[in-house]
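Colleague: Quick one, what's the 3D model for this:
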Amino acid sequence: MIRLALLAATALFITACSSPPPSPPQNPGALPVLQQAGPQAAAAPAGPPRDLEGSAWTLAWVPGFELPAQPLATLRFEGGRAAGTDGCNRYTTGYTRTPGQLRFGAKQAATLMACPPLAEAVATRFGAVLVETAAYRTESDTLTLLDAAGQPLARLQEQPNRIAGSSWQVSSVNNGRQAVVGVIAGTRLTMVFGADGRLSGSAGCNTYGASYTADGSAIRVGPPAATRKACAEPEGVMAQEAAFLAALQTAATQRLEGDWLELRTAGGALAVSARRVQP
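Modeller: Predicted coordinates:
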């Protein structure tokens, strides 16, 4: 019996010595530390959002919505206003910005065209994005619009203000009589801005060539030289050609919005509007 008692006491002593020490008491006021894993742990904090005034953007991504290649929705911040095309009609609205925060006013339509269903769908979705925007983030050439909870509503790419190497089909021309008119059916006016500073294309009947300089939003077109063919049809084609070549020489500023180009006079009047085409 004495031998068994000694063996039991020895076993209890060995067990007590090998047990881990008791855990220290928890601090009830301490918060748990969460360990981040993966790329998020090494991600650098985003820099301060840039000032948006004077910038122009093209809609590139909306969660859960497949954007078509055309039409493009655009957003330009200029003169304390936001404006562009919603994919169907041109619009304008006010905006307020504080560091990281961004709010748009009620969207006001500048045009009231009826558009195909796809364009209407883009316009409706983009309009909802503007209404829900409460903040923004900028990274390089990307603008992300965020809702009040910080969730992304849309991502836009910065619109480059460069026309060298681009080709355009003209849609409307200032006729020199204080009116902007559409291109006559059955005619095609084009503009090709070469990287060498040469502008060329079709004036509707004749082909033409001219020099041009572009620096930022400023543009100047030299006197164009055209071939000397006379076209009788369609009616008014020669008058349209003369108005187009004259309008080019009045251009003082150029504005790119998505796949649209506007050439305007020094007074802000529209001289020529055109849509981008593949060269």
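
Colleague: which intervals of the stretch 1-150 of the chain have sub-threshold pLDDT?
Modeller: Within the stretch 1-150 of the chain, the stretches with pLDDT under 70 are 1-48.

Colleague: For the residue sitting nearest the centre point of the chain, list each beta-bridge partner.
Modeller: For the chain, T58 is the residue whose C-alpha lies nearest the centre (Cα atoms, centre = their mean; 1.8 Å). Assessed by DSSP bridges, T58 has beta-bridge partners T74, Q157.

Colleague: Contact partners for it?
Modeller: Taking Cβ atoms under 8 Å, 6 or more residues apart in numbering as the contact definition, T58 lies against L72, A73, T74, L75, L156, Q157, E158, Q159, E257, G258. (C-beta placed from N, C-alpha, C; glycine too.)

Colleague: which of those residues count as buried?
Modeller: L72, A73, T74, L75, L156, Q159, E257, G258 (16 or more other Cβ atoms under 10 Å).

Colleague: just the strands in the stretch 101-250 of the chain please.
Modeller: Along the stretch 101-250 of the chain, counting by DSSP state E, counting those that start in this stretch, strands occupy 101-104, 108-109, 135-139, 142-146, 152-158, 166-174, 180-182, 190-193, 198-202, 207-215, 218-221, 225-226.

Colleague: which one of these has the lowest average pLDDT?
Modeller: Mean pLDDT is lowest for strand 108-109 among those, at a mean of 78.

Colleague: neighbouring contacts of that strand?
Modeller: Strand 108-109 has contacts (Cβ under 8 Å, 6+ apart) with N89, R90, Y91, T92, T93.

Colleague: Out of the residues you listed, which sit inside strands?
Modeller: Within these, residues falling in strands by DSSP state E are R90, Y91, T92, T93.

Colleague: who wins for neighbours among the residues you listed?
Modeller: Neighbour counts for the ones in strands among the contacts of strand 108-109, by other Cβ atoms under 10 Å, peak at Y91, which reaches 22 neighbours.

Colleague: ok, for it, nearest residue in space, not its chain neighbours?
Modeller: Leaving aside its chain neighbours, Y91 sits nearest to K107 (5.0 Å; criterion: Cβ to Cβ, 6 or more residues apart in numbering).

Colleague: right, and the one you found touches R90 too?
Modeller: No: applying Cβ atoms under 8 Å as the test, K107 and R90 come out as separate, 10.6 Å apart.

Colleague: Span of stretch 102-120 from start to end?
Modeller: Terminal residues of stretch 102-120 lie 25 Å apart, using Cα to Cα, to the nearest Å.

Colleague: So for that stretch, what gets flagged as buried?
Modeller: L102, F104, K107, A119.

Colleague: If the first one is in a bridge, with which residues?
Modeller: Yep, that's L102 we're talking about. In this entry, L102 is beta-bridged to R97, by DSSP bridges.
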